[in-house]
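Novice: Turn this into a structure:
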Amino acid sequence: MKYSIESFYDFIKQYFCDLGFDDGQPFPYNGCIDFYMNNKKYETSYLCSNDRMNDNKFLVGTSLYNRISFQEVNDILFKFIANDNNEHYTVHSLPDYDLYEEELLALKHKYIESEKDLEEVKNILLPYISQRVLPFFEQIKTVEDVNEKIINVVDWMRWADYIPGQTYYKALIILKLSKSSSYDSFYLMYKDRLEGYLSGEMPELASYLKTFISIKEYLDQNY
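Specialist: From the prediction side, this is the model:
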């Protein structure tokens with residue numbers, strides 16, 4: 001039998017369902033399978049594809065991307081920036097939480113050519129999801145958790161390590177929704193820095209600053 005991303009998905013989806021994922025979708029052209037939980041609030045993407053350089057054999061690997069999205073953040077964010085799929089994610093890692101994929105190294109460049117191969121992948125992938133990924137999701141249930149476990153814990157210049165994309169737009173929104181006492185002080189500090197850069201050699205930040213101010217005005221008027 002010739003395996004593909006679709007046939008692999010058909011094999012593995014019930015096991016992900018048993019772990020609590022309620023939806024999933026293979027993306028052959030992107031070379032990944034996405035699994036979703038809680039109305040797409042939690043997402044795990046597993047990279048796998050057919051190897052065009054080797055008789056189009058189906059190939060899995062070690063790359064998993066685990067992300068958390070908050071609709072309440074995105075509802076505000078996309079009033080001010082383009083609704084880009086890459087901006088939907090609010091959190092993709094946590095300070096001092098190890099998502100290192102050492103257990104998955106046995107799957108590096110692993111070709112799927114038999115049912116035995118499928119079972120081997122299942123027996124490595126599912127314990128990793130259960131023991132590493134699900135506890136990660138469990139730690140971030142609300143925007144208050146993002147504030148308490150990221151924004152309040154690490155220096156603001158490192159927030160981008162954990163909050164991807166337009167980090168500081170998202171952080172401002174999270175601070176407001178969390179009713180954080182740091183909301184105004186962060187806004188003033190970051191606004192002053194942006195204005196300082198504008199007076200120097202970074203005039204391209206003008207539109208970014210304008211959006212940052214607009215988000216603050218919207219938050220103050222509506223929340």
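
Novice: so where do the helices sit in the chain?
Specialist: For the chain, the helices defined by DSSP state H occupy 5-18, 71-77, 115-128, 134-139, 143-146, 167-177, 183-198, 206-222.

Novice: can I see the domain layout of this protein?
Specialist: Each domain of the chain is listed here as a residue range: 5-63+101-139, 143-222, per automatic domain parsing.

Novice: where does this protein dip in pLDDT?
Specialist: Residue ranges of the chain with pLDDT under 70: 200.

Novice: Would you point out which residue is most central in it?
Specialist: R67 (2.7 Å; CA atoms, centre = their mean).

Novice: Does it touch V91 like I think?
Specialist: Yes: counting by CB atoms under 8 Å, R67 touches V91, with 7.0 Å between them. Every C-beta, even on glycine, is put in place using the N, C-alpha and C of the backbone.

Novice: State the distance from the closest residue to L198 other than its chain neighbours to E113.
Specialist: Nearest residue to L198 in three dimensions, chain neighbours excluded: L205, at 5.5 Å (CB to CB, 6 or more residues apart in numbering). Using CB to CB, to the nearest Å, one gets 52 Å for the distance from L205 to E113.

Novice: buried set for stretch 193-211?
Specialist: Within stretch 193-211, the residues scored as buried using 16 or more other CB atoms under 10 Å are 194, 197, 205, 208-209.

Novice: Now for those residues: which two are most distant?
Specialist: Across the buried residues of stretch 193-211, the longest distance by CB to CB is 9.5 Å; it joins Y197 and Y208.

Novice: Surely the residue nearest to L198 is in contact with S199?
Specialist: No: the criterion here is CB under 8 Å, and L205 misses it with S199 at 10.4 Å.

Novice: Excluding chain neighbours, what is closest to the residue nearest to the centre of the chain?
Specialist: Ranked by CB to CB, 6+ apart and with sequence neighbours excluded, the top spatial neighbour of R67 is Y89, at 4.2 Å.

Novice: For the one you found, grab phi and psi.
Specialist: phi -90, psi 130 (degrees, to the nearest 10).

Novice: residues near it, how many?
Specialist: Using other CB atoms under 10 Å, Y89 is surrounded by 20 other residues.

Novice: which residues touch it?
Specialist: Counting by CB atoms under 8 Å, 6 or more residues apart in numbering, Y89 makes contact with 43, 67-69, 164-165.
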